[in-house]
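> Need coordinates for the following:
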Amino acid sequence: MRFSPSNSAFIALPLVLLFPCFATAQGATDDAYTSPSTTAKTLKAVEVNGVKPASPPFDPNIPAAVETISAAQLHDLNIVNAEDSLKYMPAMGIRKRFIGDENATFAVRGTGNSQSSRGLVYLDGLLLSDFSNNAFSTPPRWSMVFTDHLARVDVLYGAYSALYPGNAIGATVLMTTRMPDKLELSAQTQLFTQHVDNDGVDGNYGGSRNSVTLGDRVGKLSFLVGFAHLQSNGQPLVFATQNLSGTAASTAVPVTGALTDVGPNGQPRTTVGINSEGQEATSQDQANLKLTYDFTPDLRGGLDIGYWSQDLSHRTESYLRDASGQTVLAGTVAIDGQQYVIPAGFFAPSTRRSENYLYGISLGTHRESGWNVQAQASYFDRDKSQDRSASSALTNDGPGQITLGDGSRWRTFDLRSSYRPDQIDAGSHWVSMGYHYDGYALVNNTFALGQWIDGHADASISATGGSTQTQAIYLQDAWQLSARWQLTYGARYEQWRAFDGFISKTNGATTSYAALLPRKEKHLSPKASLAFQLDDAWLLRLSGARAYRFPTVGELFQGSFSGLSLVNNNPYLKPENDLSRELSAEWTTARGLTRFSLYRSDTRDTLFNQTDYSVFPTVTNVQNVGLVRTRGAEVSYQGQGVLFDRLDLTANGAYTQATTVSDPQNPTAEGKQFYRVPRWRANVIGTWHSSESTSLTLAGRYSSRQYNTLNHSDINPDTFGGVSDFLTWDTSFNWTVNAHWNVGVGVDNLTNRRYYVYYPYPSRTIYVKAEVHL
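Now for the predicted structure:
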């Protein structure tokens, strides 16, 4: 981390602001303090037993809609990976193609699932979001979350709080780990399987996850450690297709096995096999250690270490057979009398090996009132990232290439303080302030290989890399104007820069190299929210916020070479500039909580990969879209003992109109629903506790039609490459046999709905699990 004199002044302000925290040492309790800010009370405490877990891991003055799911609720669902905890949240969709998918992103409200940098994910205050790019390939690092250790998951909608950066335009996900208060040892095994019968595939795909957990509290020290192994064979994802040929075959080799259908663009096509990402088979190992130590009743330190590794194979298959029944992998072939050319690399296999580490350390106070302070630092290291691919499917271990992402990483540091008054009454102020730093570095080097499976890197082919850095200070005040009125206002000031960007490409003896221009931006993001407690049951809140989402390394440092000249790059990308508003009403009863929200956001300069038709020749790269306007309505309900004492119900629905208002580079997109944002989403979970030891859950998820293109040229949704509407039903049964044993069975996609979100999504999947607690 490098500091200039201006940077030093930038840090000095929050240090001065934090000084009172160290001067106050009265009124302490042993309540847990969890990041990213102090636990607190809202306008008026209204208890709803079991609806929301106590002690939320965020400032309850957060001026935004919040949804929560507890560990008890997660236990009743089919949960394997951490992102599964979000799949029934209001207005959210999880892009999870199969169990163990490392590229699981989420969509929320007007944010599509390819916009991975428009969402924040924290685990106990440690940032898991990968802002090295804004793409499917840079999802949050869910693999650092040990699902068995989750106490709760909270989702904060929108960038209405000064405590979080502009990446919260979509949503902020806060995952909280439970800590043991006595010795515990547990183990869990889960088995899952599905049968797939579509697009020429007819087979079973499944796997297992096995985990063990050990935890205890010994005096002032608490620890929790877990190990897990996941083995998963996902269903085939990508199919080798070619447009239907109009050329009569002459000397081509006649083959059989090809399939014919209509592509997403409405054109007939031929499918000849499984290629590219193909069928992914993954083996993953995970380890997690969390320590906390109470130095005093007020002061707690913490240490987190996470590890995840993966061996992944992209398996391919040709459907084509010649007259003797031999598999045809390449060449000129005749299908139904028409000529097709199958490239040598069409069915080339590939592999990936990854090792990631996460380190975190924290120190903070957790007084019930008065000043609190916390410092927290984290480091994520992509220690090994190796993608190997063959040049051809015709040889077993012939030439290929390897892309190394080793050394890509990010670092964060947060210094936070808050003041909580002894009593919340008219005129009281609840103040939060702090300093934030993050730095991202991305490096990718591609080399030739003589033997693609395990050969050593030879000549360089290309390289790209760069870094970004953000520093911010923020201040937020929750001002209790009267017994029923509260004004929460604040601002976040951010300094962002991008530097050390480069691109190189080697062609024979010639190497082209370009150092990309550094960039700097400074922005102030004001926030405000006015809340009115109508009575003990009703709360109304109106919020507004400005937020900026800065370009990532991958978006900025792009381009390709034409001869020795760099083309298709855009080093002048603007940050996304979002203005959001939300009006919410919350109704609390003895059995549940209902929320209704209206929201609107106007996002200028949305960063998106598209084709610029305003120039000739056209250019396809990451560009700024002029204006995307999102308007929507959302209703959510969580209740216990609904209709019957043993029935718990969660239900939500959202309507979102996300319209591309202005896009000068691609005018055909104007007036159309934005990429991968459905108009309608709805979810429901009903859990029947038939006894103290058994529960039966039925859950449903609905999404209306989405589009895979900005101009809606994908007119056929129900095929590979399209995006379907879908309604799926999931069910699970859990039985606590005794104090030590728990077993369960479950089914996802109970009706075996076939649907696509570009890729074919899982068919009916059956789960079996067993847990033992000693």
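> Pick out the residue nearest the middle of the chain.
residue 105 (3.8 Å; Cα atoms, centre = their mean).
> Verify the stated contact: that residue with residue 139.
Yes. Contact criterion Cβ atoms under 8 Å: residue 105 and residue 139 qualify, at 4.5 Å. The C-beta positions use only the backbone N, C-alpha and C, and glycine is treated the same way.
> can you list residues touching both of those two?
residue 116 (Cβ atoms under 8 Å, 6 or more residues apart in numbering).
> and residue 601, what element?
Using DSSP states H and E, residue 601 sits within strand 592-612.
> which residues does the residue nearest to residue 245 when sequence neighbours are not counted contact?
Nearest residue to residue 245 in three dimensions, chain neighbours excluded: residue 338, at 4.0 Å (Cβ to Cβ, 6 or more residues apart in numbering). By Cβ under 8 Å, 6+ apart, residue 338 lies in contact with 244, 245, 246, 247, 248, 249.
> likewise residue 660?
Neighbour list for residue 660: 625, 627, 628, 669, 670, 671, 672, 673, 674, 710 [criterion: Cβ under 8 Å, 6+ apart].
> Per-residue pLDDT of the second one, please?
The predicted structure scores residue 627 at 98 on the pLDDT scale.
> what pairs with the host helix or strand of it, and is each one parallel or antiparallel?
According to DSSP H and E, residue 627 maps onto strand 619-639. Next to strand 619-639 in the sheet, as set by DSSP bridges, lie strand 592-612 (antiparallel), strand 647-662 (antiparallel).
> Distance to residue 377 and mean pLDDT for those - can I get that in a markdown table?
Formatted as a markdown table, those follow (distance: least, Cβ to Cβ, whole Å; pLDDT from 0 to 100):
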| stretch | distance to residue 377 | mean pLDDT |
| --- | --- | --- |
| strand 592-612 | 28 | 96 |
| strand 647-662 | 36 | 98 |
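> Just send those strands back as a markdown table, with distance to residue 282 too.
Below are the strands paired with strand 619-639 laid out as a markdown table (distance: least, Cβ to Cβ, whole Å):
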| stretch | distance to residue 282 |
| --- | --- |
| strand 592-612 | 26 |
| strand 647-662 | 31 |
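> closest to residue 639 out of the ones you listed?
Proximity to residue 639, assessed across the strands paired with strand 619-639 by Cβ to Cβ, is greatest for strand 592-612 (2.6 Å).
> Can you list the buried residues in the closest one?
Within strand 592-612, the residues scored as buried using 16 or more other Cβ atoms under 10 Å are 592-595, 597, 599-601, 603-608, 610-612.
> Can you give me the pLDDT of residue 110?
97.
> Beta-bridge partners for the closest residue in space to it that isn't next to it in sequence, please?
Nearest non-adjacent residue to residue 110, counting by Cβ to Cβ, 6+ apart: residue 630, 3.0 Å away. Beta-bridge pairing for residue 630 (DSSP bridges): residue 601, residue 658.
> my read: residue 630 touches residue 655, true?
No. Look at residue 630 against residue 655 with Cβ under 8 Å: they stay out of range, at 11.2 Å.
> These two: who's more crowded?
With other Cβ atoms under 10 Å as the criterion, residue 630 and residue 655 differ in neighbour count, and residue 630 comes out ahead with 21 against 16.
> Below-threshold pLDDT in the stretch 501-650 of the chain: ranges please.
560-567 (pLDDT under 70).
> Same check on the stretch 1-150 of the chain?
If you take pLDDT under 70 as the line, the stretch 1-150 of the chain has these spans: 1-58.
> For it, which segments are assigned as helices?
5-23, 71-75 (DSSP state H, counting those that start in this stretch).
> One more: the stretch 401-550 of the chain?
Under DSSP H, counting those that start in this stretch, the stretch 401-550 of the chain gives no helices.
> so how far is residue 538 from residue 208?
According to Cβ to Cβ, to the nearest Å, residue 208 and residue 538 sit 48 Å apart.
> for residue 132, same thing?
44 Å.
> Who has more neighbours out of those two?
residue 132 (28 against 13).
> so who does residue 697 touch?
Counted by Cβ under 8 Å, 6+ apart, residue 697 has contacts 76, 77, 685, 686, 687, 688, 730, 731, 732, 733, 734.
> Residue 313 bridge partners, please.
residue 281, residue 351.
> swap in residue 188?
Residues in beta-bridge contact with residue 188 (DSSP bridges): residue 211, residue 771.
> Return the set of buried residues in the strand holding residue 627.
619, 621-632, 634-639.
> got it, and stretch 145-160?
Result for stretch 145-160 [16+ other Cβ under 10 Å]: buried residues 145-160.
> ditto for stretch 200-212
200, 201, 205, 206, 207, 208, 209, 211, 212.
> roughly how far apart are residue 558 and residue 612?
Taken as Cβ to Cβ, the span from residue 558 to residue 612 is 13 Å.
> so what sits against both of the two?
residue 621.
> Bridged to residue 269, which residues?
Residues in beta-bridge contact with residue 269 (DSSP bridges): residue 243, residue 261.
> Surely it is in contact with residue 262?
Yes. Between residue 269 and residue 262 a contact is recorded at 7.1 Å, counting by Cβ under 8 Å.
> Those two: which is more packed in?
For residue 269 and residue 262, the more surrounded residue by other Cβ under 10 Å is residue 269, and the numbers stand at 21 against 15.
> ok, the more buried one - contacts?
Each residue near residue 269 by Cβ under 8 Å, 6+ apart is listed here: 241, 242, 243, 244, 260, 261, 262, 263.
> go on, residue 661?
Residue 661 neighbours (Cβ under 8 Å, 6+ apart): 626, 627, 628, 629, 670, 671.
> I'd like those laid out as TSV, including distance to residue 231.
TSV is the format used below for the contacts of residue 661 (distance: Cβ to Cβ, whole Å):
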residue	distance to residue 231
626	47
627	47
628	41
629	45
670	47
671	47
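> Let me know the closest of those to residue 425.
Taking the contacts of residue 661 together and measuring to residue 425 by Cβ to Cβ, the closest member is residue 629, at 40.5 Å.
> Only alpha carbons, please: show stretch 660-676 as PDB.
Extracted in PDB, the C-alpha atoms of stretch 660-676 (Å, rounded to 0.1, in the frame of the first residue of the first chain):
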ATOM      1  CA  THR A 660     -32.700   1.100 -21.400                       C
ATOM      2  CA  VAL A 661     -33.700   4.800 -21.900                       C
ATOM      3  CA  SER A 662     -30.600   6.000 -23.700                       C
ATOM      4  CA  ASP A 663     -27.900   4.000 -25.500                       C
ATOM      5  CA  PRO A 664     -26.400   6.100 -28.400                       C
ATOM      6  CA  GLN A 665     -23.900   3.400 -29.300                       C
ATOM      7  CA  ASN A 666     -26.700   0.700 -29.700                       C
ATOM      8  CA  PRO A 667     -30.000   2.500 -30.300                       C
ATOM      9  CA  THR A 668     -31.900  -0.700 -31.000                       C
ATOM     10  CA  ALA A 669     -31.700  -1.400 -27.200                       C
ATOM     11  CA  GLU A 670     -33.600   1.800 -26.300                       C
ATOM     12  CA  GLY A 671     -37.000   1.300 -24.800                       C
ATOM     13  CA  LYS A 672     -36.400  -2.400 -24.000                       C
ATOM     14  CA  GLN A 673     -36.100  -4.300 -20.800                       C
ATOM     15  CA  PHE A 674     -32.500  -4.600 -19.600                       C
ATOM     16  CA  TYR A 675     -30.300  -7.700 -20.000                       C
ATOM     17  CA  ARG A 676     -31.200 -10.600 -17.600                       C
END
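> How many neighbouring residues does the closest residue to residue 494 other than its chain neighbours have?
With sequence-adjacent residues excluded and distances taken as Cβ to Cβ, 6+ apart, residue 494 is closest to residue 472, at 4.3 Å. If you count neighbours by other Cβ under 10 Å, residue 472 ends up with 23.
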